[in-house]
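Enquirer: Could you look at this predicted model? Sequence included:
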Amino acid sequence: MTAATFDNFAHRAARREARLIGIAIWLTLIAGFGITTLIYAPVVWLGVLSISSDPLAGLPGSFTLGWYYGLFTDTRWLHPLIVSLEIAVAVSTLCMISATLVGRVLPRLKRGRAPLLAAFLLPLVVPGIVVGIDVFIYYKMFLTLKMGIWSLILVHFIWAFPFALIGMLVVSSRFDVRLLEAAADLGASPWRRFWDIERPLLTSGVVTAGMFGFLLSLTELPRSIFVAGHTQTLPLFTWAETMSRGSHVSLIYCLNTIIAIVSIALSVLSVWLLGRRVKS
């Protein structure tokens, strides 16, 4: 094979590879756009219907903010919101503490790290209804504990902790342990090493864990149905209103639109914090 023939063959192969790469890029963009549309189009459509004069028709008509005015004059959702916020704050605090304790130690284990991580992440693949029923049977029937706000905090924590741990591991797995060893050589106590070295570097992971705990608790429904008792959270309230015969448009459309906006904003903030920590 002459040099000219080889160059011609290599040129054709390079052009073929470039075309394949171009096709792959376009397919990825099309698939990404389609998936993004499937995720966010219903949220956008819900927001559009919340300002429509006749949202129950399913199509937007003349636009009005009257439904939002009705939302803030009908304060039945206020108490469930306060209960949900109290539970979410408790779950967020537990997630920050537990994710920090587990997340800073797990990457340093030399043996047993994979089984422990799998055990911590197992609730991600267990259906929410199954978790709710299991918690109800175990704590209600065997331990005779009263269902209510504490059982809600427990089941929300079971659901949120794996996400909080993942957020912490993104940061803690990149932590340089040699910094602690150097501080120990200089005479720093374990507490000073944690507070002065680990805490600033792990702050974004701690905040992300707290946000995941707060957000997942605030919007949790399937597990809460079985362990709520007489306690009514905001998702349980909106679910009950949606299933009722009366058409409470302001509660169904407007309230869920606000919840969706807050949830998306907190999720974007969590991802931004993690990305910022990884880049640094």
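Expert: Good, I have the coordinates.
Enquirer: His230: neighbouring residues, count only.
Expert: Using other Cβ atoms under 10 Å, the number of residues around His230 comes to 8. Glycine gets a C-beta too; all of them are placed from N, C-alpha and C.
Enquirer: Can I get the helix or strand where Trp67 lies as CSV, trimmed to CA atoms?
Expert: Following DSSP states H and E, one finds Trp67 within helix 66-73. Extracted in CSV, the C-alpha atoms of helix 66-73 (Å, rounded to 0.1, in the frame of the first residue of the first chain):
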residue,chain,number,x,y,z
GLY,A,66,-58.0,35.1,41.0
TRP,A,67,-57.3,31.5,41.8
TYR,A,68,-54.1,32.5,43.7
TYR,A,69,-56.2,35.1,45.6
GLY,A,70,-58.6,32.3,46.5
LEU,A,71,-55.7,30.2,47.7
PHE,A,72,-54.5,32.9,50.2
THR,A,73,-58.1,33.5,51.4
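Enquirer: What lies in contact with that helix?
Expert: Contacting residues not belonging to helix 66-73 are listed as 50-51, 53, 55, 77, 249-251, 253-255 [Cβ atoms under 8 Å, 6 or more residues apart in numbering].
Enquirer: same thing but at 10 Å, please
Expert: For helix 66-73, the external contacting residues (Cβ atoms under 10 Å, 6 or more residues apart in numbering) are 49-53, 55, 65, 77-78, 248-255, 257-258.
Enquirer: just the buried members of those?
Expert: By neighbour count, with 16 or more other Cβ atoms under 10 Å, the contacts of helix 66-73 hold 49-52, 55, 77, 248-255, 257 as buried.
Enquirer: Now do the phi/psi pair for the closest residue to Lys140 other than its chain neighbours.
Expert: Nearest residue to Lys140, sequence neighbours excluded (Cβ to Cβ, 6 or more residues apart in numbering): Met147, at 6.0 Å. For Met147, the backbone dihedrals are phi -70, psi 140 (criterion: degrees, to the nearest 10).
Enquirer: distance of Met147 from Ser92?
Expert: Going from Met147 to Ser92 by Cβ to Cβ, to the nearest Å gives 22 Å.
Enquirer: More neighbours: these two, which one.
Expert: A direct count of neighbours by other Cβ under 10 Å for Met147 and Ser92 places Ser92 higher, at 25 against 18.
Enquirer: pretty sure that one is in a helix, no?
Expert: Yes - the assignment for Ser92, made by DSSP: H, G, I helix; E, B strand; the rest coil, places it in a helix.
Enquirer: contacting residues around it?
Expert: Neighbouring residues of Ser92 by Cβ under 10 Å, 6+ apart: 156-157, 160, 164, 207, 209-218.
Enquirer: cutoff 8 Å now
Expert: Neighbour list for Ser92: 210-211, 213-214, 217 [criterion: Cβ under 8 Å, 6+ apart].
Enquirer: distance of it from Leu179?
Expert: Remark: distance between Ser92 and Leu179 (Cβ to Cβ) = 28 Å.
Enquirer: and what of Leu109?
Expert: To Leu179, Leu109 is 19 Å away according to Cβ to Cβ.
Enquirer: more neighbours, the two?
Expert: Set Leu109 next to Leu179 and count neighbours by other Cβ under 10 Å: Leu179 wins out with 14 against 11.
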